[in-house]
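>>> could you work out the structure for the sequence below:
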Amino acid sequence: MKVKVISRSTDEFTRERSKDLQRVFRNYDPNLRPQEKAVEYVRALSAAKLDKIFARPFIGAMDGHIDAISCMAKNPNNLKGIFSGSMDGDIRLWDIASRRTVSQFLGHQGAVRGLTASTDGRVLVSCGTDCTVRLWNVPVATLKESYESSDNSVKVPLEVYVWKNAFWAVDHQLDGGYFATAGAQVDIWNHNRSQPVRSFEWGTDTVISVRFNPGEPNLLATSASDRSITLYDLRMSSPTRKLIMQTKTNSICWNPMEPMNFTAANEDSNCYSYDARKLDEARMVHKDHVSAVMDIDYSPTGREFVTGSYDRTVRIFQFNGGHSREIYHTQRMQRVFCVKFSCDASYIISGSDDTNLRLWKAKASEQMGVLLPRERKKHDYHEAVKNRYKHLPEVKRILRHRHLPLPIYKAAALRRTMTEAARMKEERRKAHSAPGSISTRPLRKRRIITEVE
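Below is the predicted model of the structure:
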């Protein structure tokens, strides 16, 4: 006699890692769930509130410099290495994971104004106000050693190139052997030559920043103290295009995913995104800072960029967003001179006037560490319902709210009052003038004085 029995696997009806919890099966037929949108709205509201509860962006400070930090550089060959240079000539290599100094490079007699690493990460190039360019060897194994064992010997530069003027910035080709320095002119250097292989000059003012294009190695953009933004091509004997704005641009950064676009950090507390093929107007104006924007750096994904400002804050912008999605500040942080995204887009490093490097999370409420599959699904679901209901007033108010320091709050309110007063004045002037006699330029074109071919 044969008896047939029903056989079921326990794994099909219990949750992972929890054999005592029954798995819940849901029928997603909308006819059986008439309150689906109401339930999801409550979940979106709860997810927005949880974001505020768990928003702890500050991870820690890397203390070691004894003067203001003026520049930083990422190591493209190592995920957790960051270089920093200070106003007293000290250059350090930091291990982000342990937040301590791995190596020191001593040799500059003045402020270090520019740092960059070669594509393979083995050569560090530094320049400063002592009119020298120094090349340093970066050992690959230093990040695995302890601070005591790696810092006993003084690092000697591989090469020292002495020039006739001070330097303000340096940048290395992403794919190539050249690097460019900015000062009284733009000089193109080779690792094996003590003299520049080429020099560019357009005007007599000091060039204060230089950046190579990540997609086209022969194209670079510079900004100068005469309020100009200039594009150069190494394959041509003269500069390509020049743009003059109303205020000075302190730093430039190309979008790594859209290499034809770049964003300029300006002295008027705004950032301007341009298309290098059409410079007559800005693609986007990014507003929220209340003082000069000193530095800017794009995320490796190209979807966001981070800015550091003279108003003692760090802000994160969407590449196509007019206002910042996040603002970071501490009570002791002073004027921010340099900011960088980590190579995995998970962290932000800022260097300020108070001699500290600070490490932040790119997403303030992100859970650190290894996530279980169930936890990851929960986070993804929370993000989905927040994006679905972010336009509703209550969810939007919670997601947008940020606590600001009192000086920044007052300065932002004053800027809004001034902007509104200028707008009303312009409207009244147009209303009491002959039709068509006064033309209003849009904000994307208003900051540009002229474009020089």
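>>> any regions of the stretch 1-150 of the chain where pLDDT drops low?
Applying pLDDT under 70 to the stretch 1-150 of the chain flags residues 10, 13-23, 141-150.
>>> now with 80?
Low-confidence segments of the stretch 1-150 of the chain, defined by pLDDT under 80, are located at 1, 5-28, 30, 32-35, 139-150.
>>> cool, and the stretch 201-350 of the chain?
202-204, 237-239.
>>> can you show me the strands along it?
207-212, 219-224, 228-233, 241-245, 249-254, 261-266, 270-275, 284-287, 293-298, 304-309, 314-318, 324-328, 336-341, 347-352 (DSSP state E, counting those that start in this stretch).
>>> wait, isn't residue 110 in contact with residue 126?
No - contact criterion CB atoms under 8 Å: residue 110 and residue 126 do not qualify, at 11.4 Å. Using the backbone N, CA and C atoms, a C-beta is placed for each residue, glycine as well.
>>> neighbour count: these two, which is higher?
residue 126 (26 against 15; other CB atoms under 10 Å).
>>> residues in contact with the strand or helix carrying the more buried one?
For residue 126, the host element (DSSP states H and E) is strand 123-128. The contact list for strand 123-128 (CB atoms under 8 Å, 6 or more residues apart in numbering) reads 73, 83, 85, 89, 91, 105, 108-118, 133-138, 158, 166-167, 169-170, 172, 179, 181, 191.
>>> strands - which of those land there?
Among the contacts of strand 123-128, DSSP state E puts 73, 83, 85, 91, 105, 112-117, 133-137, 169-170, 172, 179, 181 in strands.
>>> how is the protein partitioned into domains?
Domain assignment for the chain, taken from automatic domain parsing, gives 58-361, 374-427.
>>> of those, which is nearest residue 11?
Smallest distance to residue 11 across these (CB to CB): 14.6 Å, for domain 374-427.
>>> how far does the closest one sit from the chain's center?
In this view, domain 374-427 has its centroid 20 Å away from the chain centroid, taken as CA atoms, centre = their mean, to the nearest Å.
>>> cool, stretch 355-367 as well?
12 Å.
>>> and it, which residues are buried?
Of the residues in stretch 355-367, 355, 356, 357, 358, 359, 360, 361, 362, 364, 365 count as buried by neighbour count, 16 or more other CB atoms under 10 Å.
>>> got the contact list for the last one?
In this case it means residue 365. Applying CB under 8 Å, 6+ apart, we find residue 365 in contact with 50, 51, 52, 53, 54, 55, 56.
>>> same question for the third one.
Listed by CB under 8 Å, 6+ apart, the contact partners of residue 357 are 61, 62, 63, 65, 69, 72, 82, 84, 94, 349, 350, 351.
>>> now the buried members of the contacts of residue 365.
Neighbour-count burial within these applies to residue 51; the criterion is 16+ other CB under 10 Å.
>>> redo the contacts of residue 365 as JSON lines? Include secondary structure and distance to residue 247.
Shown next, in JSON lines, are these (DSSP: H, G, I helix; E, B strand; the rest coil; distance: CB to CB, whole Å):
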{"residue": "50", "secondary structure": "helix", "distance to residue 247": "41"}
{"residue": "51", "secondary structure": "helix", "distance to residue 247": "35"}
{"residue": "52", "secondary structure": "helix", "distance to residue 247": "35"}
{"residue": "53", "secondary structure": "helix", "distance to residue 247": "40"}
{"residue": "54", "secondary structure": "coil", "distance to residue 247": "39"}
{"residue": "55", "secondary structure": "coil", "distance to residue 247": "33"}
{"residue": "56", "secondary structure": "coil", "distance to residue 247": "35"}
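>>> any chance of the contacts of residue 365 in CSV, with distance to residue 30 too?
Shown next, in CSV, are the contacts of residue 365 (distance: CB to CB, whole Å):
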residue, distance to residue 30
50, 27
51, 28
52, 31
53, 32
54, 32
55, 34
56, 38
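>>> of the contacts of residue 365, closest to residue 407?
Nearest to residue 407 among those, counting by CB to CB, is residue 55 at 21.5 Å.
>>> pull the contacting residues for the nearest residue to the closest one once chain neighbours are set aside.
Nearest-residue entry for residue 55: residue 364, 4.1 Å, with adjacent residues in sequence omitted and distances by CB to CB, 6 or more residues apart in numbering. Residues near residue 364 by CB under 8 Å, 6+ apart: 51, 55, 56, 57, 326, 328.
>>> can those residues go into TSV with extra columns for distance to residue 213?
Shown next, in TSV, are the contacts of residue 364 (distance: CB to CB, whole Å):
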residue	distance to residue 213
51	36
55	35
56	37
57	31
326	27
328	29
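>>> closest one of those to residue 204?
residue 328 (38.5 Å).
>>> quick one: neighbours of the closest residue to that closest one other than its chain neighbours, just the number.
Nearest residue to residue 328, sequence neighbours excluded (CB to CB, 6+ apart): residue 314, at 4.3 Å. Applying other CB under 10 Å, we find 25 residues neighbouring residue 314.
>>> need the contact list for residue 314.
So residue 314 contacts 306, 307, 308, 327, 328, 329, 336, 339, 348, 350, 360 (CB under 8 Å, 6+ apart).
>>> could you identify the helix or strand that succeeds the longest helix anywhere in the chain?
Longest helix in the chain, counting residues (DSSP state H): helix 406-431. Using DSSP H and E, the helix or strand that directly follows helix 406-431 along the chain is helix 443-446.
>>> any idea whether residue 404 is helix, strand or coil?
In three-state terms, and counting by DSSP: H, G, I helix; E, B strand; the rest coil, residue 404 is coil.
>>> begin at 3 from here
Understood, numbering begins at 3; the last thing we discussed is residue 406.
>>> for the helix or strand where residue 451 lies, buried residues please.
Per DSSP H and E, residue 451 falls inside strand 450-454. Under the neighbour-count criterion of 16+ other CB under 10 Å, strand 450-454 has residue 450 buried.
>>> ok, residue 200 to residue 191 distance?
For residue 200, the distance to residue 191 equals 9 Å [CB to CB, to the nearest Å].
>>> ugh, typo on my part, it should be residue 395
Distance, residue 395 to residue 191, using CB to CB: 56 Å.
>>> which one of the two is surrounded by more residues?
Counted by other CB under 10 Å, residue 395 and residue 191 do not tie: residue 191 has more neighbours, with 24 against 7.
>>> the helix or strand encompassing residue 360 pairs with which strands, parallel or anti?
Assigned by DSSP H and E, residue 360 belongs to strand 358-363. If you go by DSSP bridges, strand 358-363 pairs up with strand 60-65 (antiparallel), strand 349-354 (antiparallel).
>>> and the angle from that strand to strand 316-320?
Angle, strand 358-363 to strand 316-320, by axes from the mean of the first three to the mean of the last three CA atoms, to 10 degrees: 40 degrees.
>>> would you mind pulling the contact partners of the helix or strand that comes right after strand 358-363?
For strand 358-363, the following helix or strand on the C-terminal side (DSSP H and E) is helix 375-390. When contacts are defined by CB under 8 Å, 6+ apart, helix 375-390 is touched by residues 17-18, 42, 45-46, 49-50, 52-53, 369, 373, 397, 401.
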